[in-house]
Each structure stands twice: as C-alpha cells, then as structure tokens.
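Asks: I'd like to go over a predicted model; first the sequence, then the structure.
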Amino acid sequence: MRTWTLLPLAALIAGCPAPPADGTTPPEAPVGATSLAVCAAGDGELTEVWAVDNGHGAVSALAVSPDGSVALAGEDLTIKLWNVETGELDWAAATSGGGMYGSEFGSGTPLNSLGFDQAGALLLGGDDAGGVTAWSRETGETLHTWTVSEQPVTAAATSWEGEWFAAATAEFGGELRSWFAASGPESFALETDLWFVNAIAPMHADDQWIVAGDVYGEPAFEVRSMSFGAVLTHGIARGRTGTINTVDRAGDRVVVGGPGFVGVFEPNEDNTESPPTAWLELDHDVVSVTALDEDSFAAATADGQLLLGSLEDLTIHATLQTAVTSALSPVPGGWQLASSGPDGVLRLFGCEG
C-alpha cells in the first residue's frame, strides 16, 4: 500500500504539477497496486488507501479526468481539483476576474453533476438554478454558460469528444436537451417517454447518450442520438418499482442503480424494449454506480457500503463499510476508486490482492 503525505496548503499550491498537454495520460499505478477487477472477482481485499478533507463542506458532485485528477463540487459553491497520484492540489493558475485561488474556483450556485470530456480539458456542471456551465480545467475560466430551465438541472453530461452537451431538469418528462457546443441549446425540449430523467451518460465514441429515470414508476432508460435526439433503443425493468438515479456504460451493457437495486441491460439494436439481464435487490438505496471494466462494477449505497462485483450475474465479491457517499468514480487505469459525500472528505479505495 502506498503511503500518502499531505502538505500545508501553501506548499501544495507551490508544488502543483501542470496537467499533461493532451490531458489523456492516465496516472501510474501506486507501487504494489492491484487491479480493482481482482476484488470484483473475489480474489482480494477492498481497502481505503488515501483520504483528505476537501475543505469546502459537503460534496454534491465528483468527476475524474482521464489523467486521474478529481474535481469536487463543495457546498460553499467552490470546485476543487486534486491530483490523486500525489494527494496535492492539481494545478495552480490565476485568471483575471475568474475568482481562482490555486486549483479552486467558484461555481456560483450549488452543482448537482460534474463531468470531464475525453481530453480532460473541459469540466461541465449542472446546477440548482437551471444552468449548465463549462469551465476550462487549465485556468478555471468559464467557457460557456447556458440557462436551460427555471428548474434545477438533475443531470448534465458532455460527449466523449466534448463537442456535444446534454441536460435534464426536475420537470415532469425531464425537459431533456442535447446541443452542439457552438450553437447552444434549442428553446424546446426533446420528447421523452420517461417521466423523470435523473442521469445522463455518454456512450463514449458512439455519438449516443444514455438517458435514465423511470416510466410509470418502473426503472427505465433510453439510448438517444446526440446529433438528432432520436431514441435508438430503450429498456424497462417491468414489474419493478423505483427510478434509475445513476447510470454508466460497460462495453455493450448499461449498468443502473436506484432505490434498493442494481441492474444490467444489454440494449437491443432495433429499438425493441430491452429487459434487464441481471437484477440485484439491496437493503439500501444505490446512490452511485460505475463500471470498472466490461465485466465488473462498483456501487455505493446510502448506508455507506462500497460494493464490487460481477456484471454477468451481479454477484457481490467485495464490500467495505465507509462514510456515506454521494458520488463515486474509478480512476483511469482500473486500480483505484474516488469517492466523496456529505462529510466533504475525498477518499481513494484500492484492492489488496
């Protein structure tokens, strides 16, 4: 296990490394690190390897860039970036009027979601005031601000290439919008069969979104075209109750989580309804679910359980009791998970094989 040493803030800011030029170089695995897939297969011990107080109160959203930097949105309306290799603040820069200090900059309003593009150069957030904002990761400068609704934005995402954006709100029907970065959102919302939209995830380079929520109180999702907004295929967990609150893609599978469940779908290509291929009932709500690779997943529950298991049959092979989590994301490379929540502490978890 690697030992992390945290330095005073002034030293952290002075010693911050700049992000790689292309933003896509993943961090190196710590000495002796074991793949999380080992724990997900039942052959290792899930452990907490690093933790630090974010210093900005409860964390409502978290995102990890392709090079391993973690962005956290705090309750004091501050976004903070951390370098998970060193435990230091990720970068230091200053912009005129940007409100930046070291690797901290203001969001202006409480954020419900955060996400990076593939290059790690752009950070996107959806807020309680009905807005979507794109920031430069390098400088903290606001690149775009769009007002999409008078309702809170429940989910926002950027495409893998960072050219398309999508957002949904708390309105009935989701008030879903998808737009090209240069043009801005249309004045009208895309039609959806979902009653509510709680989560959006890109299908990586496939020019598609996964849009998730529920239909008549049954967990459901749609796979939609980014450029045309058309529904390409969809899935519903018939006979089950609840709504999908968190979604991710694992190869050709869609993994979802919600009130007391984790589910896996293999979407049909002909727009016929896809039932879940695996379903796991839990005693507590799933607040965040993420694919570790094409075969395994991690999930965080409302009672502070961290779970790792197989996507094939949703068997849980590793568990760890930790603090209550609001957001969970793997670090590129497959060797650590980052999480945070109401206590404002950034935690990294690993596998001892």
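Replies: Yes, it's here.

Asks: how about the strands in the stretch 51-200 of the chain?
Replies: 59-64, 69-74, 78-83, 88-89, 104-106, 111-116, 122-127, 131-136, 142-147, 153-158, 164-169, 177-180, 196-202 (DSSP state E, counting those that start in this stretch).

Asks: in the sheet, who's paired with residue 64?
Replies: Counting by DSSP bridges, residue 64 forms beta bridges with residue 70.

Asks: That one touches residue 327, doesn't it?
Replies: No. The pair residue 64 / residue 327 is not scored as a contact, 9.8 Å apart, by Cβ atoms under 8 Å. For glycine as for every other residue, the C-beta is placed from the backbone atoms N, C-alpha and C.

Asks: what sits against the most centrally placed residue in the chain?
Replies: Residue closest to the average C-alpha location in the chain (Cα atoms, centre = their mean): residue 63, at 5.2 Å. Neighbouring residues of residue 63 by Cβ atoms under 8 Å, 6 or more residues apart in numbering: 70-71, 114-116, 123, 329.

Asks: switch to 7 Å and redo it
Replies: Residue 63 sits next to 71, 114-116, 123, 329 when contact means Cβ atoms under 7 Å, 6 or more residues apart in numbering.

Asks: Make JSON lines from those residues and add distance to residue 145 to it.
Replies: Formatted as JSON lines, these follow (distance: Cβ to Cβ, whole Å):
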{"residue": "71", "distance to residue 145": "17"}
{"residue": "114", "distance to residue 145": "15"}
{"residue": "115", "distance to residue 145": "16"}
{"residue": "116", "distance to residue 145": "18"}
{"residue": "123", "distance to residue 145": "13"}
{"residue": "329", "distance to residue 145": "24"}
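
Asks: in the stretch 51-200 of the chain, which segments are predicted with low confidence?
Replies: Where the stretch 51-200 of the chain drops to pLDDT under 70, the residues are 85-102.

Asks: try 50 this time
Replies: Filtered on pLDDT under 50, the stretch 51-200 of the chain yields the residue ranges 88-102.

Asks: hang on, the earlier thing: comparing the strands of the stretch 51-200 of the chain, which comes out most buried?
Replies: strand 164-169 (a mean of 27; mean count of other Cβ atoms under 10 Å).

Asks: and residue 324, how many neighbours?
Replies: 15 (other Cβ atoms under 10 Å).

Asks: Repeat that for residue 28.
Replies: 11.

Asks: again with residue 150
Replies: Residues within reach of residue 150, counting by other Cβ under 10 Å, total 10.

Asks: now it, nearest residue through space, not along the chain?
Replies: residue 130 (5.2 Å; Cβ to Cβ, 6 or more residues apart in numbering).

Asks: circling back to that earlier point, next one: the residue nearest to the centre of the chain from residue 284, what distance?
Replies: Using Cβ to Cβ, to the nearest Å, residue 63 is found at 24 Å from residue 284.

Asks: What of residue 84?
Replies: Distance from residue 84 to residue 284, by Cβ to Cβ: 27 Å.

Asks: ok, these two, which is more surrounded?
Replies: A direct count of neighbours by other Cβ under 10 Å for residue 84 and residue 284 places residue 84 higher, at 23 against 13.

Asks: OK, contacts around the nearest residue to residue 129 once chain neighbours are set aside?
Replies: Leaving aside its sequence neighbours, residue 129 sits nearest to residue 109 (Cβ to Cβ, 6+ apart; 4.7 Å). By Cβ under 7 Å, 6+ apart, residue 109 lies in contact with 77, 127-129, 131.
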